[in-house]
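1. Requesting a structural model of the entry that follows:
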Amino acid sequence: MNAEDGQLLDWQVGGRGARDFQPLFSRLKARYRPALYCSDAYRVYGKCVPAARLAQSKAVTTRSESDNANCRHYLGRLRRRTRIVSRSAAAVDLALRLYAWRTLDGLGQKLSGCYNST
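-> Residues are numbered from 1 along each chain as shown. The predicted model follows:
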């Protein structure tokens with residue numbers, strides 16, 4: 001998410017490890033060339049993002065954490081495991097695209113989110 005205007009830039013469906021974070025980081029770096037990456041203190045970010053370009057603090061992630069909470073609220077599939085909702089990466093990616101398009105003023109059509117099929 002862009003900290004200045006709140007635009008959702010990209011996402012990666014997968015685990016919380018470096019293997020799933022690296023493709024997202026590579027896409028962000030190639031498309032936007034950000035001067036600074038702001039994140040919480042999750043250790044994977046510190047391993048993948050150069051320290052000089054990383055600000056790790058809850059104070060700088062308030063907006064993205066708020067959007068994450070709204071996304072989890074509106075997309076039941078991201079809450080708890082259930083037998084009635086598909087958990088496939090492709091289905092989650094499509095749900096995120098729909099959420100982004102519906103809630104972020106039509107930005108979903110411009111988003112390129114990518115799911116990890118492995």
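2. Mind jotting down where the helices sit in the protein?
-> With DSSP state H as the criterion, the chain has helices at 18-32, 43-48, 62-74, 89-103.
3. Quick one, grab the pLDDT at residue 7.
-> What the model reports for residue 7 is a pLDDT of 79.
4. end to end, how far does stretch 46-53 reach?
-> This stretch, stretch 46-53, spans 10 Å end to end (CA to CA, to the nearest Å).
5. Ignore what I typed, I meant stretch 46-64.
-> With CA to CA as the measure, stretch 46-64 spans 18 Å from end to end.
6. related to what we said a few turns ago, now the helices of the chain in JSON lines, with distance to residue 7?
-> Every residue, glycine included, has its C-beta placed from N, CA and C. Converted to JSON lines, the helices of the chain look like this (distance: least, CB to CB, whole Å):
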{"stretch": "helix 18-32", "distance to residue 7": "10"}
{"stretch": "helix 43-48", "distance to residue 7": "20"}
{"stretch": "helix 62-74", "distance to residue 7": "10"}
{"stretch": "helix 89-103", "distance to residue 7": "10"}
